[in-house]
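A.B. asks: sharing a model that was predicted from the sequence below.
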Amino acid sequence: MSATPDAAADRAALIAALRDLLKTISDNLGTDASGLGEDDLIPDAAVLDSAGLIEFVMLVDGQYELGLDAEDMTIDNLGSLSAIAAFVAARRGTLRA
Amino acid sequence: MAQPVHIPRVNNNDDTVKVVHLAVAVGDAVAAGDLLLEIETEKATVAVEAESDGHVLALLHGVGATVAVGAVIAWLGATADEAVPQAAVPAAAGNGGDGSAGDTTAKARLLLRRHGLDAAAVPRSGARLTAGDVEAHLAAHPGPRAAAAAVAAVAAAAAVAPPPPALPAAADLAPLSSTERGMLATVAWQRDQAVATYVEIEYDPRPAEAAAAAHMRAHRLLVSPLLALMAHRLAVLAPGMGANGTVVEQPSPQKVTYRHAHLGFTVQAGETLYLCVVREADTLDAAGFIARLTDLQRRALAHKLAPADMQGATLGFTSMARWGVRRHVPVLAPHTGVMVAHGAPAADGASAVLGMTYDHRLLSGFAAVRLLKALVQPGRDGA
């Protein structure tokens, strides 16, 4: 099943918003996150260190009110921009794909 | 009832005036606003007028007399035959009172003695010299006696608090924030209570990185456990290597060995540096330690740590690798014997520095290096 045009637009907007959040941290660390692909694993991308990655996830948690628990902090849930977008959409109950 | 007429204060600098003209005589009828007399200071001549209708019952000073401000100069009555209150009449003209106990209140006498003043020199606002009169006089004349009292007060304060250091240039002073006070307490403890020494080793970080990556994959972790695994090794190995303790010197020198390793791990959250404490870290396996530390890091970054989360460290671990710092000399946390400092690897990734500030009363240099070498060997803690 393919995503509807609205769902695709929502996802693209969400990815863009996630990139903005990530950039706030990478800028602080002096790294460049512009080349990060949607499916690239963020921990492997040398963009954020471990503390920076936790900081990023907390920003996402606060922005989208995810209520993350310790068990949510896995690479499957939050390891890439696309994974985070899917997780956020699922938590918000708006997944329409 | 007879009403006194007081010498008014003309200015703050003159406590006495000179009577230069009497416009009335005893027995005269006066109306409110009528001129009674004129007084003179060094700068002005001022009219003293009747405040109400009545008769002049008494004039206490003649032309040419020098009279204290506040002293009674005349009495007015509703009728010409009213009696003048005798207790209020000065025994000696010229200063509005002789300073005897009879015309000076007890509090005023106390103040006079305390400041070494003569009652005759203090202007009075009424028939009796009051404490308020003395205080007004002191306020208007911060002279040598007051200055001496101020100097004495400063000297007394200096006896309990040392004077501020002489600063080399003009500066503004401000109290420390709570965070700054915490850091002050930490560095002051190292300065005053420890024999802090630093040692470092250079090592190949790649085996530890590979082990961390393997652990990450195996546990589907989001965050690299590289630092957490090294900190966990510290918690597990330090007790057996004599590094989980400190030394106290009072009342007698004694070696302190903590029963568990409570590992303090620094987290920079904005401008605030936290030391998150994983309690009884020596009893946790690597996965359990990582979970606890990650939870503390999240709450530190949200500034939601409880006080207990930051207390009781017996060991310390810190890293400035995220800012590219290769080596730094950390400060011991209070009542700890070691603070390990992790640094960023060299550009080629093949070497890195692991340093440690340690209390030389607790560890020898050899023991410190042995501990550092163990920390960079993955698997030494069973992870």
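C.D. replies: Sure, I can see it.

A.B. asks: contacts and neighbour counts: CA atoms only from here.
C.D. replies: Fine.

A.B. asks: quick one: low-confidence ranges for chain A?
C.D. replies: Residue ranges of chain A with pLDDT under 70: A:1-3, A:5, A:94-97.

A.B. asks: which stretches in it count as helices?
C.D. replies: A:5-29, A:50-64, A:75-78, A:81-92 (DSSP state H).

A.B. asks: CA atoms only: put the second one into CSV for me.
C.D. replies: Output in CSV follows, covering the C-alpha atoms of helix A:50-64 (Å, rounded to 0.1, in the frame of the first residue of the first chain):
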residue,chain,number,x,y,z
SER,A,50,26.2,9.9,22.4
ALA,A,51,25.2,12.8,24.6
GLY,A,52,24.2,14.8,21.5
LEU,A,53,22.1,11.9,20.3
ILE,A,54,20.3,11.7,23.6
GLU,A,55,19.8,15.5,23.5
PHE,A,56,18.3,15.2,20.0
VAL,A,57,15.9,12.4,21.0
MET,A,58,14.8,14.5,24.0
LEU,A,59,14.1,17.5,21.7
VAL,A,60,12.0,15.2,19.5
ASP,A,61,10.3,13.8,22.6
GLY,A,62,9.5,17.3,23.8
GLN,A,63,8.4,18.6,20.4
TYR,A,64,6.0,15.8,19.7
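
A.B. asks: mind listing residues that contact it?
C.D. replies: A:18, A:21-22, A:25-26, A:43, A:66-68, A:78, A:88, B:223-225, B:297-298, B:301-302 (CA atoms under 8 Å, 6 or more residues apart in numbering or on different chains).

A.B. asks: what's near enough to touch whichever residue of chain B sits closest to chain A?
C.D. replies: Closest to chain A within chain B is B:L222: 4.2 Å, counting by CA to the nearest CA. By CA under 8 Å, 6+ apart, the contact set of B:L222 is A:P43, A:M73, A:T74, A:I75, A:D76, A:L78, A:G79, B:M216.

A.B. asks: could I get the contacting residues of the third one?
C.D. replies: What that stands for is A:T74. Taking CA under 8 Å, 6+ apart, we find A:T74 in contact with B:R220, B:L221, B:L222.

A.B. asks: again, but for the second one
C.D. replies: Each residue near A:M73 by CA under 8 Å, 6+ apart is listed here: B:L221, B:L222.

A.B. asks: give me the phi and psi for it.
C.D. replies: Here is the backbone geometry of A:M73 (degrees, to the nearest 10): phi -80, psi 60.

A.B. asks: relative to A:A13, how far out is it?
C.D. replies: A:M73 sits 23 Å away from A:A13, going by CA to CA, to the nearest Å.

A.B. asks: so which residues of the stretch 51-200 of chain B form helices?
C.D. replies: Taking DSSP state H, counting those that start in this stretch as the criterion, the stretch 51-200 of chain B carries its helices at B:106-115, B:131-140, B:144-160, B:178-193.

A.B. asks: which one of these has the lowest average pLDDT?
C.D. replies: The stretch with the lowest mean pLDDT among the helices of the stretch 51-200 of chain B is helix B:144-160, at a mean of 52.

A.B. asks: neighbours around residue 62, how many?
C.D. replies: By default, I'm working from chain A. Using other CA atoms under 10 Å in any protein chain shown, A:G62 has 13 other residues around it.

A.B. asks: was after chain B, sorry
C.D. replies: Close neighbours of B:G62, defined as other CA under 10 Å, add up to 17.

A.B. asks: for the residue lying closest to it once chain neighbours are set aside, phi and psi?
C.D. replies: In space, B:G62 comes closest to B:V19 once its chain neighbours are excluded; the distance is 6.8 Å by CA to CA, 6 or more residues apart in numbering or on different chains. Main-chain dihedrals, B:V19, degrees, to the nearest 10: phi -80, psi 120.

A.B. asks: so B:V19 sits against B:V67, correct?
C.D. replies: Yes. Using CA atoms under 8 Å, B:V19 is in contact with B:V67, at 7.4 Å.

A.B. asks: compare the two (neighbour count), which wins?
C.D. replies: Ranked by neighbour count (other CA under 10 Å), B:V19 and B:V67 place B:V67 first, with 25 against 22.

A.B. asks: bridging residues for the more buried one?
C.D. replies: B:V67 forms beta bridges with B:V17, as assigned by DSSP bridges.

A.B. asks: for it, give me the pLDDT.
C.D. replies: On the pLDDT scale, B:V67 is placed at 87.

A.B. asks: what do you get for the one 10 residues further on?
C.D. replies: Confidence per residue is given as pLDDT, and for B:G77 that number is 87.

A.B. asks: who does it form a beta bridge with?
C.D. replies: Taking DSSP bridges as the rule, B:G77 bridges to B:H55.

A.B. asks: ok, how many other residues are close to it?
C.D. replies: Number of residues near B:G77 (other CA under 10 Å) recorded here: 23.

A.B. asks: look up how far B:D28 lies from it.
C.D. replies: For B:G77, the distance to B:D28 (CA to CA) stands at 10 Å.

A.B. asks: quick one: common contacting residues for those two?
C.D. replies: Counting by CA under 8 Å, 6+ apart, the shared contacts of B:G77 and B:D28 are B:H55, B:V56.

A.B. asks: from the opening residue of stretch A:75-83 to its closing one, how far?
C.D. replies: One end of stretch A:75-83 to the other measures 9 Å (CA to CA).

A.B. asks: correction: the previous question concerned stretch B:119-127.
C.D. replies: 13 Å.

A.B. asks: stretch B:62-78 too?
C.D. replies: 23 Å.

A.B. asks: ditto for stretch B:341-359
C.D. replies: End-to-end for stretch B:341-359, by CA to CA: 14 Å.

A.B. asks: before we move on, what about stretch B:275-288?
C.D. replies: Stretch B:275-288 has an end-to-end distance of 19 Å (CA to CA).

A.B. asks: which bits of chain A sit near chain B?
C.D. replies: Taking CA under 8 Å from any CA of the partner chain as the contact definition, chain A meets chain B at A:29, A:43, A:49-51, A:53-55, A:58, A:70, A:73-76, A:78-79.

A.B. asks: circling back to that earlier point, just the buried residues of the contacts of B:L222.
C.D. replies: In the contacts of B:L222, burial by neighbour count holds for A:P43, A:M73, A:I75, A:L78, A:G79, B:M216, counting by 16 or more other CA atoms under 10 Å in any protein chain shown.
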